[in-house]
Structure formats: C-alpha cells, structure tokens
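Enquirer: no FASTA, just this:
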C-alpha cells in the first residue's frame, strides 16, 4: 500500500501507524480520546516521579557517579600503562582511551559534563518520540522518561546505557542503510553488552545493511584502538572478559534470570526465547520489542539501569495497543525493582497479544 492509498487516519509518513480523529496537530493512538491520552501520560509521569524521587534519595549516597569515577580511574590507568588493574571494568581499552581527555578536568566537572551529555541524548529522543503531541503531553512524557527508575539510576551512576540506547534507537528508527549502524558499531567496540545480542539478531532479519555497517565500524574502531593503545591493554581486556569479576561475586543487584533459582530461570528463559522467535515472525515492530525485552532477561547480568532500552518500545506498542502500553509503562518503575523478568516479559506478551494482521496493517515498520 502506498502513502496515497492509505486512509486519512494514518500517521505521518515514515511511521506508518494509525491516529485518532483528535484536533489537528494532536497525534494520539486510534480509539483513544485526547483526554484519556493526557490522563494516562500524567499517571505514568506522576507515579515515576514519586517513586523516582524516593529511590534517588535512598541510593544517592552510594550510587552517585560511581561508574563515572571508575571510568575516569581506568582511563588514568590506561594513560599510566596499567590498564587491567581494575577487573570490574568491562569496557574496552578504546572506551578508556576516549575517556582520557576527561581526566584532564576536575572530577566534578567531568561528571557534570557526562550528565549533561546524557540528558541531551534523552531530550532528543523525547523530542522525536513525542512529535505531534500537545505541550502538556510532551512535558509528561519527559518527566516520565527522566524519572523512570532505570533512567535515574543510569544518570546517577554515570553509566553508558542511555547513550547505548540511543545507538539502538538510531538503527530502529532509520531505514536499512549502512550508515544507520555506524554509531552502534562504535559504541559496541567500546561497550559490548550481552543484552544487545537479541537486537543484533533482529538486525540480521530487518536491518542487514545496517548490521554490515555496525560490524565494519566495530572492527575498524577496535583496530584503531589497538594501534593507539598497543596490544597489551587488549590482551588484559580479553582476560577480564574471560573471567569477569562479577561471576565470582554474590552478584548483588543482578536482575536477570541468572539471579533466580536455576529451574525458574530455565523455564522463564525458554519462554523468552520462544516469545522472541514468535515476535520476530510477527513483524519488525513486535520483533524489536521482544528482542529488547529478551536481551534484559537472558543477559548474564542486568542492573537496574538496563531497562532504559525498553523506552524504545513505548511508541510502537502505543500505536496498536494503547491501554496495554499504559498499563505496562505505569508499572515499570516498581516492577523493575521487584521482578524485572516479569516486566520485560510483559512487554513481550503485550506485543504478541496484538494479532499479526493488526501489526501489519497499523505499523509495518518502526523506521521513520
């Protein structure tokens, strides 16, 4: 079906999803009134804000800038020829190399600068995903996103998951072009997180050219990093990845299936794999949602900032199942803390509960 053949109720070109007959310029899902849409967003924002503030106050003394300061310390180690001294650092020497200039600044300035960068990335993502919404709804979405417990945790720690999520979003929101995978390829050369593996499988089906761009960029960036830092830091890095420190630790804070009794973990893991395979067959958008969810629960280690990646799932699911989307979204900050696998699998179930024909009719692609 071409754009000219679509009924007037379809969304703006490139996003291919229905909208209601709300006032001009107000883009809400089909079958949802403007008032209900606004109230739903306000509910998510309000719940996230209340719980987020409580969590932030509770963990700030122990969490503030922990990852950022570790990254700075390892960058200093690299500059001193001692990369590998910190065996809890699972990023590559290239990541440390690119962090070295930040060590020339006062620690507080470097930490604040990294915070501003991630807030800017979040802001751009919110701007793109709330196009066509009224100012109140866009403001509610911004509050809901920033105060989402995983987002807050990433911001407080100085982690990289927000930026990595941006790389995933670029691939998901772009057409299948070589250059769409460049940013994520560079990021994976620095931060090869296992949670990305199901997304790479999704790319193999729906973004093959972008996957080639990702692979070539990752290889080239790693080669350049090796030429600059030398072989020894990368040898230490490979040794660290072979024997990660956290596997020998009590794994406090691990929210993935590996933290559960083995029988439960195997059962839920098989459900996640089966659900992902079904979703990948159902189409690009449900496959994306399932791949992001599966990555979190099947990863050997998932901290509370990991679910930031599921922010990408909100808009696609909203276009076909708004009520289910609001229910899953409003429970996110709480369920991430209580039982992440249940919340991640809820996204997968919500995506699979939408008939394949509806996905095909209302949202054939997540690119725009």
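Expert: Happy to help now that I have it. Predicted model only: the values in this text are computed from it and were never measured.

Enquirer: right, and residue 187 touches residue 161 too?
Expert: No: contact criterion CB atoms under 8 Å: residue 187 and residue 161 do not qualify, at 10.5 Å. C-betas here are computed from N, CA, C, even on glycine.

Enquirer: need the overlap of contacts for those two.
Expert: Contact criterion CB atoms under 8 Å, 6 or more residues apart in numbering; residues shared by residue 187 and residue 161: none found.

Enquirer: contacts only, for residue 313.
Expert: Going by CB under 8 Å, 6+ apart, residue 313 touches 288, 289, 292, 293, 347, 351.

Enquirer: which non-adjacent residue is nearest it?
Expert: Distances taken as CB to CB, 6 or more residues apart in numbering place residue 289 nearest to residue 313, at 4.4 Å, with adjacent residues excluded.

Enquirer: then residue 287?
Expert: Per CB to CB, 6+ apart, closest to residue 287 is residue 280, 4.0 Å.

Enquirer: contacts for the helix or strand encompassing the one you found next, please.
Expert: According to DSSP states H and E, residue 280 maps onto helix 262-282. By CB under 8 Å, 6+ apart, the surrounding residues in contact with helix 262-282 are 198, 201-202, 205, 257-258, 260, 286-287, 289-291, 293-294, 297-298, 341, 344-345, 348-349, 351-352, 356, 359.

Enquirer: tell me which residues in that helix are buried?
Expert: 265, 268, 269, 271, 272, 275, 276, 278, 279, 280, 282 (16 or more other CB atoms under 10 Å).

Enquirer: repeat that for stretch 228-243.
Expert: Using 16+ other CB under 10 Å as the test for burial, stretch 228-243 gives 229, 233, 234, 236, 237, 240.

Enquirer: how near is the fourth one to residue 81?
Expert: With the distance defined as CB to CB, to the nearest Å, residue 236 ends up 11 Å from residue 81.

Enquirer: how about stretch 65-83: buried residues?
Expert: Quick answer for stretch 65-83 (16+ other CB under 10 Å): 65, 67-68, 70-79, 83.

Enquirer: what about the residue nearest the centre of the chain, which SS state?
Expert: Among the residues of the chain, the one closest to the centroid is residue 309, at 1.6 Å (CA atoms, centre = their mean). What DSSP: H, G, I helix; E, B strand; the rest coil gives for residue 309 is helix.

Enquirer: now, among the buried residues of stretch 228-243, which is nearest to residue 102?
Expert: Proximity of these to residue 102 (CB to CB) peaks at residue 229, which lies at 16.4 Å.

Enquirer: the closest one touches residue 98, doesn't it?
Expert: No: at 10.8 Å, residue 229 and residue 98 do not qualify as touching, with contact defined as CB under 8 Å.

Enquirer: return the residues in contact with the nearest residue to residue 157 once chain neighbours are set aside.
Expert: Nearest residue to residue 157, sequence neighbours excluded (CB to CB, 6+ apart): residue 67, at 4.3 Å. Counting by CB under 8 Å, 6+ apart, residue 67 touches 157, 158, 159, 160.

Enquirer: now residue 141
Expert: Counting by CB under 8 Å, 6+ apart, residue 141 has contacts 41, 45, 126, 129, 130, 133.

Enquirer: show me where pLDDT drops low in this protein?
Expert: Residue ranges of the chain with pLDDT under 70: 1-28, 246-252, 363-368.

Enquirer: give me the distance between residue 115 and residue 156.
Expert: With CB to CB as the criterion, residue 115 and residue 156 are 9 Å apart.

Enquirer: those two - which one has more neighbours?
Expert: Neighbour count, other CB atoms under 10 Å: between residue 115 and residue 156, residue 156 has more, with 21 against 15.

Enquirer: and the more buried one, that one's in a strand?
Expert: No: under three-state DSSP, residue 156 falls outside any strand and is assigned helix.

Enquirer: find the nearest non-adjacent residue to it, please.
Expert: residue 63 is the one closest to residue 156 (CB to CB, 6+ apart), at 4.9 Å.

Enquirer: now the one you found: how far from residue 101?
Expert: Applying CB to CB, the value for residue 63 to residue 101 is 25 Å.

Enquirer: with residue 83 instead?
Expert: Distance of residue 83 to residue 101, given as CB to CB: 16 Å.
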